[in-house]
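Asker: what follows is a predicted protein model with its sequence.
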There are 2 protein chains.
Amino acid sequence: MRYEKGHKDATRKHIVKVASERFRRDGVEAVGVAGLMADAGLTHGGFYSHFASKEELVRAATVDALEGGRAQLARAAIDGGLEGIVRAYLRPAHRDASARGCAFAALTPEIARHPRATRATFTGEFKAHVDLIASHLPEKDAGENQRAALAIFSLMMGALQLARAVVDKDLSDRILQSGTDAALALANAGAVARDGVSS
Amino acid sequence: MRYEKGHKDATRKHIVKVASERFRRDGVEAVGVAGLMADAGLTHGGFYSHFASKEELVRAATVDALEGGRAQLARAAIDGGLEGIVRAYLRPAHRDASARGCAFAALTPEIARHPRATRATFTGEFKAHVDLIASHLPEKDAGENQRAALAIFSLMMGALQLARAVVDKDLSDRILQSGTDAALALANAGAVARDGVSS
DNA sequence: CATATATTATGATGATCATCATGCAATAAT
DNA sequence: ATTATTGCATGATGATCATCATAATATATG
């Protein structure tokens, strides 16, 4: 064998790590295989001995990013509980470091247009995120906690995206602040009032 | 003159309309000028007599889409007030028709990576959206209403995106439902409790 | 009816896209 | 020390990218 045993695995992990940062910073579509491999210190030729397609790398990179992000949120919850999660997620430093931030906030609309296999992977990670949030809500019945967690995460992710997109710095800060307040209000309100109308 | 007076203006408007749909459906990066013009029934050559760059079209197309979306929301508010807005936005039909839906939900993370001029245009439209929502909240002081509107729209947009991305149809429906309930709870709670801690 | 001109079409630019076939070099196994 | 094999590099594929220069064409003006 030409390189030490385990070299290929290490290279693959390295490519995934570089990709997960570049995808979050520039978007999946804007990142080419050649440029990506150059960033990883390699040439483009070897790529397809690691991955069957760019799409397979997209799945690996988003899983890597999202598992890491979930670990960070779980750490924030050790001391701060749900409030720790919300504050860690909606802090200005997270807004300003999208390459190392939440992949949901960076990529959700783009992933929604990807093939089903990729969306399925995404869905699994999303459920894990929601479960993490639900596990830190005041104890109620599980269904209600999941419903609340879905709304809380939707709010967190939406606020982070909008805070990143606007040009007005004050407005951006207000988006983060109001998102934090509202997420905590939803958490403390316990069950969100269930709505009778079906539409 | 070769075509009737006003023909060029009509052509430009047609290109903008086609672009606003394709951008929302496929993302800005995934849409090429040549394919776009073909969709509009033209060839790619004339494009730069209408727009100085693709980026200029991006601005025109997002403004067109967002003004239209705001008009729809305003219409939903005539009968239903804020609840009408929330229900119109988070209804399954909106989730399933992204090409004609909210451009914020379709494009926010991508726009966050575009040049400042485009983000500035986006910011103006965003403020108008927030003002529309704030104007339908129970009367409090304006600052508090804007804060609530920021959170409500973040929640609406985030929920719509996530409902589009997941593969699990039941989960998708639950995201829309819990987003609706939570948005209405935030609106009815009046002012979200202000938070003393600065971080 | 003839001509000037506004609008779109044709075609080319060099760059980059995802993907793959082949070649090389270095180490592990002998 | 020699050989076999593995992991990456070189280079090519045809397609598409944004952008622009020039040509064709049809109508509005004279």
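Answerer: Perfect, thanks for sending it.

Asker: can you give me the distance of the residue of chain A found nearest DNA strand C to chain B?
Answerer: The nearest approach of chain A to DNA strand C comes at residue A:32, 2.5 Å away (C-beta to the nearest atom of the strand). In short, each C-beta sits where N, CA and C put it, glycine included. Distance, residue A:32 to chain B, using C-beta to the nearest C-beta, to the nearest Å: 11 Å.

Asker: ok, residues contacting stretch A:141-148?
Answerer: Under the contact criterion C-beta atoms under 8 Å, 6 or more residues apart in numbering or on different chains, stretch A:141-148 has outside partners A:130-131, A:134, A:137, A:139, A:186-187, A:190-192, B:174, B:177-178, B:181-182.

Asker: list the contacts of residue A:14.
Answerer: Residue A:14 touches residue A:40, counting by C-beta under 8 Å, 6+ apart.

Asker: helix or strand for it, which one?
Answerer: Per DSSP states H and E: residue A:14 is located in helix A:7-26.

Asker: close to DNA strand D, is that helix?
Answerer: Yes. Using C-beta under 7 Å from any atom of the strand, helix A:7-26 reaches DNA strand D at A:7-8, A:11.

Asker: average model confidence for the helix or strand hosting residue A:160?
Answerer: Per DSSP H and E, residue A:160 falls inside helix A:142-165. For helix A:142-165, the mean per-residue pLDDT is 96.

Asker: can you name the element that comes right after it?
Answerer: Next element after helix A:142-165 (DSSP H and E): helix A:169-188.

Asker: so how far is that next one from its chain's centroid?
Answerer: Its chain's average C-alpha position is 19 Å from that of helix A:169-188, according to C-alpha atoms, centre = their mean, to the nearest Å.

Asker: enumerate the residues of chain A near DNA strand D.
Answerer: A:1-3, A:7-8, A:11, A:37, A:41-46, A:49-50.

Asker: which one of those residues sits closest to residue A:98?
Answerer: residue A:37 (21.9 Å; C-beta to C-beta).

Asker: could you measure from the residue in chain A that DNA strand D sits nearest to over to residue A:6?
Answerer: When scored by C-beta to the nearest atom of the strand, chain A has residue A:45 as its residue closest to DNA strand D, at 2.0 Å. Relative to residue A:6, residue A:45 is positioned 21 Å away (C-beta to C-beta, to the nearest Å).

Asker: what helices or strands is the helix ranked longest in chain A leaning on?
Answerer: Ranked by residue count under DSSP state H, the longest helix found in chain A is helix A:54-89. Contacts defined by 3 or more C-beta pairs under 8 Å, 6 or more residues apart in numbering or on different chains; DSSP states H and E place helix A:54-89 against helix A:7-26, helix A:103-111, helix A:116-134, helix A:142-165, helix A:169-188.

Asker: between those, which gets nearest to residue B:166?
Answerer: helix A:116-134 (4.5 Å).

Asker: re the thing from before, narrow the residues of chain A next to DNA strand D to those in helices?
Answerer: Per DSSP H, the residues of chain A next to DNA strand D map to helices at A:7-8, A:11, A:37, A:49-50.

Asker: for these, which two are the farthest from each other?
Answerer: A:7 and A:37 (15.9 Å).

Asker: of the two, who's got more company?
Answerer: Legend: neighbour count by other C-beta atoms under 10 Å in any protein chain shown for residue A:7 and residue A:37, higher for residue A:37 (19 against 11).

Asker: assess the claim that the more buried one and residue A:48 are in contact.
Answerer: No. Residue A:37 lies out of contact with residue A:48 (C-beta atoms under 8 Å); the separation is 10.6 Å.

Asker: got the end-to-end distance for stretch A:127-141?
Answerer: One end of stretch A:127-141 sits 17 Å from the other (C-alpha to C-alpha, to the nearest Å).

Asker: and what of stretch A:40-53?
Answerer: Using C-alpha to C-alpha, one end of stretch A:40-53 lies 17 Å from the other.

Asker: tell me the buried residues in that stretch?
Answerer: If you call a residue buried by 16 or more other C-beta atoms under 10 Å in any protein chain shown, then stretch A:40-53 has these buried ones: A:40, A:42, A:47, A:50-51.

Asker: any chance of the residues you listed in CSV, with pLDDT and distance to residue A:25 too?
Answerer: Below are the buried residues of stretch A:40-53 laid out as CSV (pLDDT from 0 to 100; distance: C-beta to C-beta, whole Å):
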residue, pLDDT, distance to residue A:25
A:40, 94, 14
A:42, 92, 19
A:47, 95, 19
A:50, 94, 21
A:51, 95, 20
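
Asker: before we move on, the earlier item: so what's the gap between the helix holding residue A:160 and the chain middle?
Answerer: Distance, stretch centre to chain centre, for helix A:142-165: 12 Å (C-alpha atoms, centre = their mean).

Asker: re the thing from before, which of the ones in helices among the residues of chain A next to DNA strand D has the weakest pLDDT?
Answerer: residue A:7 (77).

Asker: kindly provide the distance from it to residue A:46.
Answerer: 12 Å.

Asker: can you check residue A:175 too?
Answerer: As judged by C-beta to C-beta, residue A:175 and residue A:46 stand 43 Å apart.

Asker: excluding its backbone neighbours, what's nearest residue A:182?
Answerer: Of all residues not flanking residue A:182 in the chain, residue B:151 sits nearest, at 3.5 Å (C-beta to C-beta, 6 or more residues apart in numbering or on different chains).

Asker: cool, residue A:66 as well?
Answerer: residue A:125 is the one closest to residue A:66 (C-beta to C-beta, 6+ apart), at 4.1 Å.

Asker: picking that back up, my guess is the residue nearest to residue A:182 contacts residue A:181, does it?
Answerer: Yes. Look at residue B:151 against residue A:181 with C-beta under 8 Å: they come within range, at 7.1 Å.

Asker: the two: which has the busier surroundings?
Answerer: residue B:151 (30 against 22).

Asker: can you list the residues of chain A near DNA strand C?
Answerer: A:1-5, A:31-35, A:44-45, A:47-48, A:53-55.

Asker: could I get the contacting residues of residue A:119?
Answerer: Contact analysis of residue A:119 by C-beta under 8 Å, 6+ apart lists A:111-112, B:165-167.
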